[in-house]
Structures are given as structure tokens and as C-alpha cells.
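S.K.: Next one to model:
(2 chains)
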Amino acid sequence: MSTVAEPMSTGRTRSVRPAWTRHLFWYGLLLLASIVTVLPFLWLLMTALKGPSDAVFGFPPQFLPREPTLANFARVWDQLPIWRFFLNSLFVAALTVTLNVLVSSLAAYPLAKMNFPGREVIFYLLLATLIVPAELTFIPGYLLAVQVFQYYDTLWALIFPSVFSAFNIFLLRQAYKTVPNDLIDAARIDGANELRIWWSVLTPTIRPSLATAAVFTAVTSWNALLWPSLMLRTRELYTLPVGLMALRGMFTADFRLIAAGAVMVIIPILIAFIFAQRYFVAGLSGAVKG
Amino acid sequence: MSNTLRSRLTPYLFLLPALLFMATFTLYPLASVGYLSFTEYNILRPPQPVGLANYQRLIGDGVFWLSLRNSFTYLLVTPVIIVSAIALAIVVNRPLLGIGVFRALYYIPVITGAVAVGIAWQFLFDGSGGPINGMLLSTGMIEKPIIFLTEPGWTLPIAMMMTTWMGVGYYMVVFLAGLQSIPEDLYDAARIDGCNEFQKHWHVSVPGLRPSIVFVAVISSLSALKVFDEIYVLTNGTGGILNSGSTMVFYLWKQAFRLQNVGYASAIAMVLLVITLTFSIINVRMLERGEG
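M.R.: You can find the predicted model right below:
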């Protein structure tokens, strides 16, 4: 043990070691973390591919399917409208993102660039709502949905309560603040009204932040479980997480089918992630500063 | 005249939609849940005011105290997440070939959602032959399989592991951004002073990451206090044997939407609100100290 630790103890010996051993050490760590990250998913996939004669559970565990089959996927597909769940999730996410980003960026503009009485009060009020867990509003939210707005058991019940986001308002306010005032003044001199300035001068310049806010909101909406499971009763209206919970309840006897359902639910978001990766990951640094 | 009035109104008009949604879906519900906590209400009949009865009931309710304790235990996730996310950020901050692929890989658990991940975890920890038991058995660490998912003592730890596993990638990105804003000469100076790899990060990276650490501590502890999904998915909505995995939000949900005790659930919500507020005040103090 001490002989292993020794070369690390001084800075000089470290640089003497050849580059490739150092790289090997770091790649080893990366690989270890990758295994911890990917193995649960991989095991899920392998289970979904297993045929009836393959053991799902057992000692020692069997990882690879001996006779890989897509039958599990086909059966889940036949018995549950996964496609419908996907479209529902897509509809809810798309509308939530559009409304949320629109409302947030409208609110962020005056908070960043205008002086008016009450600005501080509004700002701190927004700040305070950031602390309130959404879960606390679910009981009155439920009553509102049933008694007042009557959108219980419709997809609107998932959209409207998610339109307001203090977090996105802050994120976009930070972005608007970086836009030079000269740009706004020039547009004012040209006779543009504030709505025009907001839409055609400011909004295009903060596109990366808008994308960050949009992706954040979309992922939250896509993965929401508690509120949608309270609001949706009709199976045809289920979103993917609610549908996957229902699927698990249906197929308790065969884990291969549950695994196949889980894999099908993961695939769309994985594809979105691969294509829009930089928006998922990159914008976060801006969120921290905000 | 009308022009100046209009320009005076402009900022408020911009804010109006956001304020309307905030009032309807955040402020009104808060006031309402406060009122309901002083009533007995089962949705079928109108709320009946009962004074402090719900709060008195909380004091004698063992499951409530267990849920409270579980929610506080859940905060242990925060230090674990901070340490592992910093370690991971340091590793992926090296300009190695293909490092972007690894960064993306570690981010996948963040986006896949609690239900799919929960299913994978239930499978891994299965007591009748899941891979974790398989590994432990084959290395001789245990002699017979542990029934992780129904063993009361294991419900919370497994949920906490799942939270950590799902969160590390997100916080890694936060710390990565923090690391990249630390000036390179500080590391050079540390090297000249004879720091080894570990000391270098201990003396330069960790102090440099202070703002990110505070941010992550705030975000992850607040979300640990209101954990629900992991418990719901892992225990199939039961909260575990003997409520062993019940947390504040889980118990709130169960009382309100399973048992129709809406007034009582509102009292639980108010306790959660007070706890989150206290926590946030402490966090703000920490932030101020960090900046000052």
C-alpha cells in the first residue's frame, strides 16, 4: 500500500512518470464511474431482451440473454398505448415550455431593464416563492382543478400550474441584464414600442438562456410524477411516467415486460439528450451565477 | 398624457401574466393550505373549522414523527452528493480524449426520470436473486440474500442511494463550471509549493468552489427535504413496511390523497413550510457569510 502511495507524495516524481500511466489512472476512474452509471440501464435492457427460458433473477446472476427477443417490447406495445403516453407527454411539455418561457421572459424584461415603483417588492416576492416547495400547493391545487377550473383529468391540469417559474424569471433577468442599454435606446429612438423591443431586439440576443430555460422546463415537465398521477384518471391521457407506473402494476408477474416498458420510456428522452446535449449541460453554469 | 400613462403602466403589463399565475398557483394555494390546516375536511363535505386539533393530533402521531425523522435523515444525501460530485468534476475536468462522452454519460441518470430508474433499482436490489445480492453472495460478504426492498431498515438507505445516483451528474456539471472559473496560476503556484495532486485540489479547488458548494448545498438539501418520487416508486406507493420509508411529502400525500384527511394533511404541509423557511434562512445566512 505504501509503495503505491509513495510516487503520489511529491510533485516531482509525478511528472517523471510516463504520460500514459497517468492517463491510464484517469481513464480507470472514468471507466469505473461509467460502469456505476450505465450498468443499471444496461441490466434493464438485457432483461427486456430476455426470452421466457432466460432467468431474470438467480444466483449467480445471468446478465446476457441466451435467446434475445423483442417479444417483450411487442407485448407491452400491444397492451398499452405507449405511443399515446408519449404524445401526451410531448403535448404537455411543449405547451408548458412555450407558455412558461413566454411568461417568464415577459416578466424578466422590466425587472432587468426598467425602473418603476414596486420593482424591489415584486422581485423579493418572486424570490420568496422560490423557497416554497410545489408539493405544498398540491392540496389547494387539486381543489382548484376539480372545483374551479374543472380541468381535472385533462392535460391542461398539468400545464397551467407549471407556467409560472421564479427560477426561469431569474435566469432570463440575468440574461437581459447583459444586453447593452444602447441597443434598447437605439430601438426606442427608431420609434419601436416596448413590446417590439422585447420581442425583436432583446429576445434574439438571449437565445442561449432561453434554450436553457426551455430544456430545464421540458425535462421537469417530462419527468413529473406526483402531480400528473393526482390529476389523470383516464388511461388514454397518461403521460409516460404515469403510464410506466400503471404498466408496472399490470405486469407484476413478469419483470421482462416491466423492463421493456421502462426501456421504451427512456428512449425518447435519451434521443433528445443526444441531439440537444449542449443545452442540457452547458447552460447550467449560467443558472448558478443567477 | 395617455402616452405617459401607458409608458408608466408598461412594466406592470409585462409582469402581469407571471403575477397572475403566481397568485393563482402559488400564493392562493399557500393561504388556502394554511386555512385548511385549521379545519377538518374530507372533500365530500365542506371544511369544518376545528382550531388547533390537527396540530395537536400531529404531536401524538408516531408516523408523523417518523416521517419527520426520515426527512432529516435524508439530508445526509447532501454531503455525499457534494463530495462525489466534486470528485467526479475534478476527474472530468482533464483534457483527455473523449472526455465529452464521459461527461454526457454521467448526466444520463439526471434526465431519465424517477420511475424508470426506480424500476431498474428495484430490479438490482431484488431479494430473490437481484444482481446486488448476487455480487454480495459471490464475494462471500453475506451468506443469504438480503430482502432489501421489504426490509424496513433498508428502504430509506436505498432511496437515498438512488437520489444520490440520479443527482451526481447534475451537480458535477455545476462544479465543473466552478472549476473552470478557477485561475490556472493558482494551480501552478500550488505545484511550485510542492503540493501533490490531492493537496492541490484540497488547497485550491475546494476553496475556489465555495460558491458552487453553497449553491449545491442549498439546492440539494431543499430537494432532499421534499423527496417523494423515489419513495413512491421504490415502495410501490406503500411507503415501505411499517411506514419505514415515509417522508414529510410522502405522508402529506398519503393523508391527503389516500386517506382523504385533507385538513390533517394541510397541517403537515404547514410544518414542512416552516422547516423549509427555517432552512432557507440558515442557507441565506451561510451565503452572506460566504460573500462577506
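S.K.: Now do the phi/psi pair for B:T39.
M.R.: Main-chain torsions, B:T39, degrees, to the nearest 10: phi -130, psi 160.
S.K.: any idea how far it lies from A:G141?
M.R.: The gap separating B:T39 from A:G141 is 17 Å, by C-beta to C-beta, to the nearest Å. Placement of C-beta: from N, CA and C, glycine included.
S.K.: ok, now A:L31?
M.R.: Going from A:L31 to A:G141 by C-beta to C-beta gives 45 Å.
S.K.: and these two? which has more neighbours close in?
M.R.: For A:L31 and A:G141, the more surrounded residue by other C-beta atoms under 10 Å in any protein chain shown is A:G141, and the numbers stand at 26 against 11.
S.K.: mind listing what that one touches?
M.R.: Residues in contact with A:G141 (C-beta atoms under 8 Å, 6 or more residues apart in numbering or on different chains) are A:P161, A:W227, B:F25, B:P29.
S.K.: And for the residue of the stretch 1-150 of chain B found nearest chain A, nearest residue in space, chain neighbours not counted?
M.R.: At 3.1 Å from chain A, B:G129 is the closest residue in the stretch 1-150 of chain B, using C-beta to the nearest C-beta. Distances taken as C-beta to C-beta, 6 or more residues apart in numbering or on different chains put A:F57 closest to B:G129, at 3.1 Å, once the chain neighbours are dropped.
S.K.: Kindly report the same for A:A107.
M.R.: Per C-beta to C-beta, 6+ apart, closest to A:A107 is B:A18, 3.6 Å.
S.K.: about what we covered before: ok, how many other residues are close to the residue of the stretch 1-150 of chain B closest to chain A?
M.R.: 17.
S.K.: Which strands or helices does the host helix or strand of A:P204 pack on?
M.R.: Assigned by DSSP states H and E, A:P204 falls within helix A:203-205. For helix A:203-205, the contact count by 3 or more C-beta pairs under 8 Å, 6 or more residues apart in numbering or on different chains; DSSP states H and E identifies no helix or strand as a packing neighbour.
S.K.: ok, the next helix-or-strand element following it near chain B or not?
M.R.: Toward the C-terminus, helix A:203-205 is succeeded by helix A:207-223 as the next helix or strand (DSSP H and E). Yes - using C-beta under 8 Å from any C-beta of the partner chain, helix A:207-223 reaches chain B at A:V219, A:W222, A:N223.
S.K.: in the stretch 51-200 of chain A, which spans are strands?
M.R.: Ranges of strands within the stretch 51-200 of chain A: none, based on DSSP state E, counting those that start in this stretch.
S.K.: Could you do chain B as well?
M.R.: B:39-40, B:48-49 (DSSP state E).
S.K.: How about the last one and chain A, any contact?
M.R.: Which is strand B:48-49. No - using C-beta under 8 Å from any C-beta, strand B:48-49 stays clear of chain A, coming no nearer than 15.4 Å.
S.K.: who does that strand pair up with?
M.R.: Pairing partners of strand B:48-49, with direction, according to DSSP bridges: strand B:39-40 (antiparallel).
S.K.: How far does the strand it pairs with sit from its chain's centre?
M.R.: Distance of strand B:39-40 from its chain centroid, counting by C-alpha atoms, centre = their mean, to the nearest Å, is 30 Å.
S.K.: And the contacts of it?
M.R.: For strand B:39-40, using C-beta under 8 Å, 6+ apart, the contacting residues are B:P47, B:Q48, B:P49, B:V50, B:A53, B:N54, B:G263, B:Y264, B:S266.
S.K.: separation between A:I159 and A:F91?
M.R.: From A:I159 across to A:F91, the span is 9 Å (C-beta to C-beta).
S.K.: neighbour-wise, which of those two wins?
M.R.: Legend: neighbour count by other C-beta under 10 Å for A:I159 and A:F91, higher for A:I159 (21 against 14).
S.K.: The more buried one reaches A:T98, doesn't it?
M.R.: No - at 9.6 Å, A:I159 does not count as touching A:T98 under the criterion of C-beta atoms under 8 Å.
S.K.: In the stretch 51-200 of chain A, which residue sits nearest chain B?
M.R.: A:F57 (3.1 Å).
S.K.: Which residues are in contact with that residue?
M.R.: A:F255, B:D126, B:S128, B:G129, B:G130.
S.K.: measure it to A:V101 for me?
M.R.: Distance of A:F57 to A:V101, given as C-beta to C-beta: 45 Å.
S.K.: for B:L149, same thing?
M.R.: 40 Å.
S.K.: Comparing these two, which residue is more hemmed in?
M.R.: A:V101 (23 against 20).
S.K.: That one against A:A214, yeah?
M.R.: Yes - counting by C-beta under 8 Å, A:V101 does reach A:A214; the two are 5.4 Å apart.
S.K.: and the one residue in the stretch 151-292 of chain B that gets nearest to chain A, what pLDDT?
M.R.: Going by C-beta to the nearest C-beta, chain A is nearest to B:A177 of the stretch 151-292 of chain B, at 3.3 Å. B:A177 is assigned 87 on the pLDDT scale.
S.K.: who touches stretch A:173-190?
M.R.: Stretch A:173-190 has contacts (C-beta under 8 Å, 6+ apart) with A:108-109, A:111-113, A:196-197, A:201-202, A:205-206, A:208-210, A:286, A:289-290.
S.K.: ok, B:L273 - how many residues close by?
M.R.: 18.
S.K.: Kindly report the same for A:V146.
M.R.: 15.
S.K.: Which phi and psi values does the closest residue to it other than its chain neighbours adopt?
M.R.: Residue nearest to A:V146 in three dimensions, not counting chain neighbours: A:Y152, with 4.7 Å by C-beta to C-beta, 6+ apart. Backbone torsions of A:Y152, given as degrees, to the nearest 10, read phi -60, psi 140.
S.K.: Tell me how far A:Y152 lies from A:P161.
M.R.: 12 Å.
S.K.: So for these two, which sits in the more crowded spot?
M.R.: A:P161 (24 against 17).
S.K.: Model confidence at A:A282, what's the number?
M.R.: 59.
S.K.: now A:L126, nearest residue through space, not along the chain?
M.R.: Using C-beta to C-beta, 6+ apart, the nearest residue to A:L126 is A:A166, at 4.7 Å.
S.K.: Spell out which parts of the stretch 151-290 of chain A neighbour chain B.
M.R.: So far as C-beta under 8 Å from any C-beta goes, the stretch 151-290 of chain A lies against chain B at A:160-161, A:163-164, A:166, A:169, A:194, A:198, A:219, A:222-223, A:225-226, A:230, A:240-241, A:244-245, A:248, A:255, A:258-259, A:262, A:265-266, A:269-270, A:273-274, A:277, A:280-281, A:284-285, A:288.
S.K.: OK, contacts around A:L99?
M.R.: A:I159, A:V163.
S.K.: How far off centre is the helix holding A:P204?
M.R.: Mean-position distance between helix A:203-205 and its chain equals 23 Å (C-alpha atoms, centre = their mean).
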